[in-house]
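> here are the coordinates; sequence isn't available:
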Ligand code: LLP
């Protein structure tokens, strides 16, 4: 039977992932080898999350370098909810980051790992008494979210004789233009002190001996593509800070939240208009280096993001980049941590310490979710690729209609009759029609057993995974150069059942 392969993929996706002759590599390791026990002795089976330490460090350094350049005091807190794997938390700690938390167990974990309590922030619109107690006892900063949360904090502190270090979480009534499920700073959101309650909260906080207001906080939402949205929220906090400074003399922290998006769609094909424009520039250009850059983009050897980053270093690159950007679909380009840091640092008063608490932009693009094709199915209206991975490991497409790039992770030699690409829905085996990872994606027919990668799964994938359908949560691997560590083992039946007591002894 005639077999063939399409033009092989050879390009860098980011610092962690690249294609070499159609094989997807995480740093120095071919990801499919991870499943073939060639690299790991731990008998790893699909599906599995694969993380790149290098890409995580690139993300951390992007923030740190940008902060350093501003000369301002900006503390970086990693938002643990994005991914609570202790191995990841240790990387954050090694790089001097602190943490923002949303539960008492996250707090216990952070304290166990030795994070400095007075830099940790405990957030939450509904805290339990023991969580408030532990936070105040440990000297952690508590984000007060409402009047009832303030009353609760005072009650707990009075009982124990503590003084709580408090940031007031303001609802600034800003619409960040993201999916309503991840929009948190609008007046319709359940988060933050609404303007209607603010006066009473300030009165009660200033009257209580158990409350020390040391700052303000706001978090307007997540997956925000345009850093300009943070200008408004930062300005709102700064204005309020100036108004309240005399009333709360200990106040000097402005926590600006997290929420910067990542370019989930940056791997999509280069839009036709950009191609034409670049072809034109290529014809005009006499600098070989620049011509190579144009050709690399056209031949899909570098991503749009790397292209723009490199273009900036050419004398007239800035101008051309601006022109080209106008032709890009808005969802392709996302502001960088540097854009965010520059915008907020220009607004911050010099006598304040700022906190940024990103989650997604620190870990999102540092992982892939690797699955195998169980089979393909053709119907009158749809074609399906059924993977062994599902919505229980990557719930974002089903929950928010979120886009995650998907591609084959190894060469796929297909029968000639299947050579032309079809449109596929990429789905899992879960017993739900909402179980999809991507819709209307173009691939040639993948072979059964072929490895496919869902990209950008470092944030809100493992941490939002579930055991629905009694599926076990997969293993997680951390690649560091040519080394691989199992940072989470795959669950077993025993793990799933251990809270059910004597489930396997016969009843009489
Ligand atoms: N700070 C606060 C107070 C937050 O509520 C959040 C996220 C963050 C920081 C971190 O936001 P990030 O930089 O990661 O966007 N499950 C959704 C995301 C929910 C985010 C909730 N809050 C998703 O998968 O997109």
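Here it is on my side, so go on. Just so it is clear, the structure is predicted and the values come from calculations on it, not from any experiment.
> name the SS class of residue 349, please.
coil (DSSP: H, G, I helix; E, B strand; the rest coil).
> quick one: residues contacting the nearest residue to it once chain neighbours are set aside.
Leaving aside its chain neighbours, residue 349 sits nearest to residue 238 (6.3 Å; criterion: CB to CB, 6 or more residues apart in numbering). In this view, the C-beta of every residue, glycine as well, is placed from N, C-alpha and C. Contact partners of residue 238, counting by CB atoms under 8 Å, 6 or more residues apart in numbering, are 254, 347-349.
> can you redo the residues you listed as a markdown table with pLDDT and neighbour count?
A markdown table is the format used below for the contacts of residue 238 (pLDDT from 0 to 100; neighbours: other CB atoms under 10 Å):
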| residue | pLDDT | neighbour count |
| --- | --- | --- |
| 254 | 98 | 24 |
| 347 | 96 | 18 |
| 348 | 96 | 20 |
| 349 | 96 | 12 |
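> between those, which is nearest the ligand?
Of all those, residue 254 has the smallest distance to the ligand: 13.6 Å, by CB to the nearest ligand atom.
> which residues does residue 30 bridge with?
Beta-bridge pairing for residue 30 (DSSP bridges): residue 25.
> show the average pLDDT along stretch 23-37.
The average pLDDT for stretch 23-37 rounds to 92.
> what sits up against it?
Contact with stretch 23-37 is made by 16-20, 39-40, 43-46, 48, 50-54, 368, 370, 372, 407-411, 451, 453, 477, 479-482, 484, as judged by CB under 8 Å, 6+ apart.
> narrow these to those that are buried.
16-19, 39-40, 44, 46, 48, 50-54, 368, 370, 372, 407-411, 451, 453, 477, 479-480, 484 (16 or more other CB atoms under 10 Å).
> now, the most widely separated pair of the contacts of residue 238?
254 and 347 (9.4 Å; CB to CB).
> now do the shared contacts for those two.
Common contacts of residue 254 and residue 347, defined by CB under 8 Å, 6+ apart, comprise 234, 238.
> which residues are in contact with the residue positioned nearest the centre of the chain?
Geometric centre of the chain, nearest residue: residue 360, 2.0 Å, by CA atoms, centre = their mean. Going by CB under 8 Å, 6+ apart, residue 360 touches 82, 222-223, 258, 260-262, 459-460.
> model confidence score at it, please.
pLDDT for residue 360: 98.
> ok, and the closest non-adjacent residue to it?
Counting by CB to CB, 6+ apart, the nearest residue to residue 360 once its immediate chain neighbours are dropped is residue 459, at 4.1 Å.
> what bridges to residue 427?
If you apply DSSP bridges, the partners that residue 427 bridges to are residue 386, residue 436.
> settle this for me: it is touching residue 435, isn't it.
Yes - proximity of residue 427 to residue 435 meets the contact threshold set by CB atoms under 8 Å, at 5.8 Å.
> so which of those two has more stuff around it?
Shown here are residue 427 and residue 435; by other CB atoms under 10 Å, residue 427 has more neighbours (24 against 20).
> write out the residues of the stretch 351-500 of the chain neighbouring the ligand.
With the criterion set to CB under 6 Å from any ligand atom, the stretch 351-500 of the chain comes near the ligand through 357-361, 396, 400, 459-460.
> in a markdown table, list those residues along with secondary structure and distance to residue 320.
Below are those laid out as a markdown table (DSSP: H, G, I helix; E, B strand; the rest coil; distance: CB to CB, whole Å):
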| residue | secondary structure | distance to residue 320 |
| --- | --- | --- |
| 357 | coil | 35 |
| 358 | coil | 30 |
| 359 | coil | 34 |
| 360 | helix | 30 |
| 361 | helix | 26 |
| 396 | helix | 34 |
| 400 | helix | 34 |
| 459 | coil | 32 |
| 460 | coil | 35 |
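> okay, residue 270: pLDDT?
pLDDT, residue 270: 71.
> what's the spacing between it and residue 404?
19 Å (CB to CB, to the nearest Å).
> give me the more crowded residue out of the two.
A direct count of neighbours by other CB under 10 Å for residue 270 and residue 404 places residue 404 higher, at 21 against 17.
> got the domain ranges for this structure?
Domain assignment for the chain, taken from automatic domain parsing, gives 11-53+365-498, 97-263+335-358, 272-332.
> can you tell me which of those is nearest to residue 91?
domain 11-53+365-498 (6.6 Å).
> kindly check the end-to-end length of that closest one for me.
End-to-end distance of domain 11-53+365-498 (CA to CA, to the nearest Å): 45 Å.
> does the ligand have contacts with the longest helix along the chain?
Counting residues, the longest helix in the chain under DSSP state H turns out to be helix 53-70. No - Helix 53-70 is not in contact with the ligand by CB under 6 Å from any ligand atom; minimum separation 11.1 Å.
> buried ones in that helix, by neighbour count?
Residues of helix 53-70 classed as buried by neighbour count (16+ other CB under 10 Å): 53-57, 59-60, 62-64, 66-67, 70.
> cool, thanks, talk later.
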